[in-house]
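> The following comprises the amino acid sequence and a computationally predicted model.
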Amino acid sequence: MRKNKIFSRKTLAVPYAVFLILFVVIPLFLIVAYAFTDENGMLTLSNFSTFFSGGHNINTLMFSIFIGMLNTAICLLLGYPAAFFLAKKGMGFGKATVLLFVMPMWINFVLRTAATRDLLFWMGISGGEHPYLATMIGMVYNYLPFVILPLYTTMTKMDISLIEASYDLGANKVQTFFKTILPMTMPGVVSASTMVFMPTMSSYVISDVMGERKISLIGNSIQLYFDQGLWHIGSLVALIMLVIIAFGSLCTDSAPEEEVRGGLW
Amino acid sequence: MKEKVIIELKNVSKHFGQTYAVEDFSLRVKKGEFVTFLGPSGCGKTTTLRMIAGFELPTGGEILLNGEDIAQLPPYERPVNTVFQKYALFPHMDVYDNIAFGLKLKKIEDGGKMRHLTKEEIDKKVKNALKIVDLEDYDYRDISTLSGGQQQRIAIARAIVNEPEILLLDEPLGALDLKMRKDMQLELKAMHKKLGITFIYVTHDQEEALTLSDTVVVMKDGMIQQVGSPEDIYNEPNNAFVANFIGESNIYSGTYKGDMKVRFINHTFDCVDEFPKNEKVDIVIRPEDVHIKENEEGMAKGKIVSKIFKGIHYEYILMVGRNELVVVDTRSFDVGKTYMFDIEPDGIHIMKKELTANIYNDAYIDKQNRVVISETPFPCDITALVQGSSLDDEGYVVGPDGTKYDFTDADVVATIGLDAIEILDDDESGIVRGEIVSIIYKGDHYQLTIRTPEDEDFVLDTEYTYDENDLVGLNVKPEDIKLKLKGEAKQYAKK
């Protein structure tokens, strides 16, 4: 059989490869290049010293990591039981109910955040008076679906006979949860954590809108530098964040993600 | 000496909504016995096992373990362990931790105080369990690196290491290939002997049940059909279902002629059972109980129409008049020739005929004078309810004395003969449709059981072949539905 040269696998990949090079690879190189150069295009490490000498920047970085972890923890605490009950068969929760949890994700993120701010203001939790609380509520609200989905998928795929086996071998409900259910849903937990922690750290719209600019995360710093035309130092901060995220991905790489994703989508 | 009963099920029932999975199940199991629940899928055998394990709670009855009712206890408080069908090994633990799972949770009494087992005690027990299942040195292997057979052994080790009073096995060999299954059967039997634990085993494989068990419990539709030793079940089946399910057999309808004589396939044979004279009976003949005569005279004759070599013997099909008779013999006979044959009197098993007609006790009459069976209205001859009556223009039954009757919503017993139901290949064209749930061959015809979506059964005789799970339509002529009114006709009289 003659091979169709035009639609071979390789040629089919060309459009995306072009896109990838234009919008991912080249910008990445630009960021690295900018981070290590000054305004005159000379190679320098001065951006590093500028960033690390200001205690303010380190504080922002640490604070961002803290907010990321806090948001991940809260989302997991709320999302795990929710996903558990959604996944439980015979409870009358179908995919429709899961959809209800996920539906806010269909509304544009900026609009959604603005609406949340107005709703909280109406409830008396204004960003001006309670910037931290309002920001956290905004964060949890935005990222909760990202926790519920992977957890729900792992839990629906969990073999019910494993839980029965645990009971059968003498483990009561609490022991079964910690010895069987939790370890078996760990891939979902890891996947959910990556999907919350990293975007939370780098987000700036939520903290801007909800905290009425009283809260500064590392994402806000980058935006601020770029707005002021400080491309080199801004690129450096972006690079630092990239390294942190890459490190985080490496740590969670062992989780079999293909088992976790999918499901509802 | 009376042997000790370890577990007794007393009238145990389980229903899910309207449907009964297990109905009125009573059984005593002796300590150290190997009991097998045998039946086709959906017969309630697994549900019964799960009620003993504690995964399902019975909706009625008692489960007495050593005399104590455990029916409502959660599984983790019962001294029984289960080997699951698909092994259910914990994927996040290695072999050792899987087996040690139950031991680490266990508390034992030591000098009046409860304490956990020590590491050394656990280690010793795990090693011993691995030795029993012949997988020493596998302790730190990952579950995913084991073959199906090895996983099965680990699942058994994980259960027996807890020294349960009863070991429950839910089709444990179902996922293994034939050769491996045969080997494991022998090993299980040896293990049962060695450990002395009571085994309750669930399978749909009759050969497996006969090979392994001390006692076989044959189940169908949530009810026990027969309890007995493998020999009893095979040689003295209680009814046509058991005979058909266990081993190869010829099943015929016949009549008991009295004086130890029974007539079927147009011949009269001597038998060893006694029944009321002229009673309709079912007859089971195992293929090996028929003896083909080479030259001498026999009781009857038949023509060989098929011969299949089966390794140690031949399987023949003889046509005796219009009936087929399956015979096995080690000798070679010629296809197409007619031979005389004998059937030993004690090889003829006579059973009370299960069903001579379909009887529906909760039928009723609807507004259009039809009888409703299984939520389906059947046209019927309603005038049969009152002798000598006729129908008037408005649809009321008018008696010979001029009394009008309105039988709307009247409760009746409807009876339909087995030969009165017409079966249609097109499931849409009959009055009612259903799925064929059982087929029993009776020599010259098949007896089919058709179950409607409303869970009502219609049993009929047909000469045509169908397959199980076929969807078919059913038709009944109005005059073939016999009606009997519950209560008096006069309470339906119109004033």
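Great, that's in hand.
> Counting neighbours, what do you get for A:Ser249?
11 (other Cβ atoms under 10 Å in any protein chain shown). C-beta coordinates here come from the backbone N, C-alpha and C atoms, glycine included.
> Just give the closest residue to it, not the sequence neighbours.
Spatial nearest neighbour of A:Ser249, chain neighbours left out: A:Thr194 (6.9 Å); criterion: Cβ to Cβ, 6 or more residues apart in numbering or on different chains.
> In three-state terms, label that neighbour for me.
Recorded secondary structure, A:Thr194: helix (DSSP: H, G, I helix; E, B strand; the rest coil).
> That one - how many residues pack around it?
21.
> Looking at it now. What's its pLDDT?
Listed pLDDT for A:Thr194 reads 86.
> Same check on A:Asn47?
For A:Asn47, pLDDT reads 83.
> Contact partners for the residue in chain A that chain B sits nearest to?
Closest to chain B within chain A is A:Leu169: 3.6 Å, counting by Cβ to the nearest Cβ. Contacts for A:Leu169 (Cβ atoms under 8 Å, 6 or more residues apart in numbering or on different chains) come out as B:76, B:81, B:101-102, B:105, B:158-159, B:162.
> thinking B:Ala209 is in contact with B:Pro230, fair?
Yes: the pair B:Ala209 / B:Pro230 is scored as a contact, 7.2 Å apart, by Cβ atoms under 8 Å.
> Please identify which of these two sits among more neighbours.
B:Ala209 (25 against 19).
> Okay, buried residues for the helix or strand containing the more buried one please.
Assigned by DSSP states H and E, B:Ala209 falls within helix B:206-212. For helix B:206-212, the neighbour count (16 or more other Cβ atoms under 10 Å in any protein chain shown) marks B:206, B:208-210, B:212 as buried.
> Max pairwise distance over those: which two?
Greatest spacing in these, by Cβ to Cβ: B:Gln206 and B:Leu212 (11.1 Å).
> how about the residues of chain B that lie near chain A?
Chain B comes close to chain A at residues B:53-55, B:74-76, B:80-82, B:84-86, B:88-92, B:101-102, B:105-106, B:158-159, B:162, as judged by Cβ under 8 Å from any Cβ of the partner chain.
> where exactly do the helices run in the stretch 51-200 of chain A?
Ranges of helices within the stretch 51-200 of chain A are A:55-87, A:95-102, A:109-122, A:131-157, A:160-168, A:173-176, A:182-202, based on DSSP state H, counting those that start in this stretch.
> which residue sits closest to A:Thr154, ignoring its sequence neighbours?
A:Gly188 (3.1 Å).
> burial of that neighbour, as a residue count?
28.
> and it, what does it touch?
A:83, A:150-151, A:153-155, A:260.
> okay, who's weakest in those residues by pLDDT?
Per-residue pLDDT puts A:Val260 lowest of these, at 45.
> for the chain, which spans come out with low pLDDT?
Here I'm looking at chain A. A:1-6, A:89-94, A:252-265 (pLDDT under 70).
> wrong one, chain B
B:1-2, B:495.
> what domains does the record give for it?
Domains of chain B are assigned by automatic domain parsing as B:5-235, B:249-352, B:357-492.
> List the buried residues of stretch B:416-428.
B:416-418, B:420-421, B:423, B:427.
> nope, stretch B:481-495 is what I meant
If you call a residue buried by 16+ other Cβ under 10 Å, then stretch B:481-495 has these buried ones: B:481-483, B:485, B:489, B:492.
> Turn these into JSON lines, including secondary structure.
What follows is those, written out as JSON lines (three-state DSSP):
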{"residue": "B:Ile481", "secondary structure": "strand"}
{"residue": "B:Lys482", "secondary structure": "strand"}
{"residue": "B:Leu483", "secondary structure": "strand"}
{"residue": "B:Leu485", "secondary structure": "strand"}
{"residue": "B:Ala489", "secondary structure": "helix"}
{"residue": "B:Tyr492", "secondary structure": "helix"}
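> intersection of neighbour lists for B:Ala209 and B:Pro230?
Contacts common to B:Ala209 and B:Pro230, judged by Cβ under 8 Å, 6+ apart, are B:Val216.
> ok, back up a step: turn the helices of the stretch 51-200 of chain A into CSV, columns for distance to B:Lys30.
Shown next, in CSV, are the helices of the stretch 51-200 of chain A (distance: least, Cβ to Cβ, whole Å):
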stretch, distance to B:Lys30
helix A:55-87, 42
helix A:95-102, 49
helix A:109-122, 68
helix A:131-157, 42
helix A:160-168, 23
helix A:173-176, 33
helix A:182-202, 39
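> the strands in the stretch 151-300 of chain B, which residues?
Taking DSSP state E, counting those that start in this stretch as the test, the strands found in the stretch 151-300 of chain B are B:166-170, B:198-203, B:215-220, B:223-228, B:250-258, B:261-264, B:267-270, B:280-285, B:290-293, B:300-309.
> re the thing from before, which one of the buried residues of stretch B:481-495 sits closest to chain A?
For those, the nearest to chain A is B:Ile481 (40.4 Å; Cβ to the nearest Cβ).
> now that closest one, which residues is it bridged with?
For B:Ile481, the beta-bridge partners are B:Ile416 (DSSP bridges).
> Just to check, it is in contact with B:Ile416?
Yes: the pair B:Ile481 / B:Ile416 is scored as a contact, 5.7 Å apart, by Cβ under 8 Å.
> Might you report the residue contacts of B:Leu135?
With contacts defined as Cβ under 8 Å, 6+ apart, the neighbours of B:Leu135 are B:95, B:150, B:153-154, B:157.
> quick one: which of these is nearest B:Tyr234?
Using Cβ to Cβ, the contacts of B:Leu135 come closest to B:Tyr234 at B:Arg153, 29.9 Å.
> How much space separates the closest residue to the closest one other than its chain neighbours from B:Leu103?
Excluding the flanking residues, the one nearest B:Arg153 by Cβ to Cβ, 6+ apart is B:Val133, at 3.9 Å. Distance of B:Val133 to B:Leu103, computed by Cβ to Cβ, to the nearest Å: 16 Å.
> any idea how far chain A is from B:Ser147?
Shown here: B:Ser147 relative to chain A, a distance of 19 Å by Cβ to the nearest Cβ, to the nearest Å.
> Now for that residue, how many residues are close by?
A count of nearby residues for B:Ser147, using other Cβ under 10 Å, gives 10.
> same question, B:Pro345
15.
> which ones are touching it?
Contacts of B:Pro345 by Cβ under 8 Å, 6+ apart are B:260, B:269-272.
> Please identify which pair of those lies farthest apart.
B:Phe269 and B:Val272 (10.7 Å).
> Overlap in contacts, the two.
B:345, B:348.
> Compare neighbour counts for those two and give me the winner.
B:Phe269 (22 against 12).
> Who does that one form a beta bridge with?
Here B:Phe269, judged by DSSP bridges, has bridge partners B:Val262.
> I'd guessed it sits against B:Ile348; true?
Yes: B:Phe269 is in contact with B:Ile348 according to Cβ under 8 Å; the separation is 5.9 Å.
> hey, what's in contact with both of the two?
B:Val262.
> all helices of chain B, in order?
When assigned using DSSP state H, the helices of chain B occupy the ranges B:45-53, B:95-105, B:119-132, B:148-160, B:178-195, B:206-212, B:230-235, B:240-245.
> For chain A, what is the nearest residue in chain B?
Closest point on chain B to chain A, by Cβ to the nearest Cβ, is B:Gly102, at 3.6 Å.
> Tally up the residues packed near that residue, please.
24.
> cool, A:Ser46 as well?
If you count neighbours by other Cβ under 10 Å, A:Ser46 ends up with 14.
> for the one 5 residues further on, same thing?
With neighbours defined by other Cβ under 10 Å, the count for A:Phe51 comes to 19.
> B:Ile160 against B:Ile197, yeah?
Yes: counting by Cβ under 8 Å, B:Ile160 does reach B:Ile197; the two are 6.8 Å apart.
> Great, nothing more from me.
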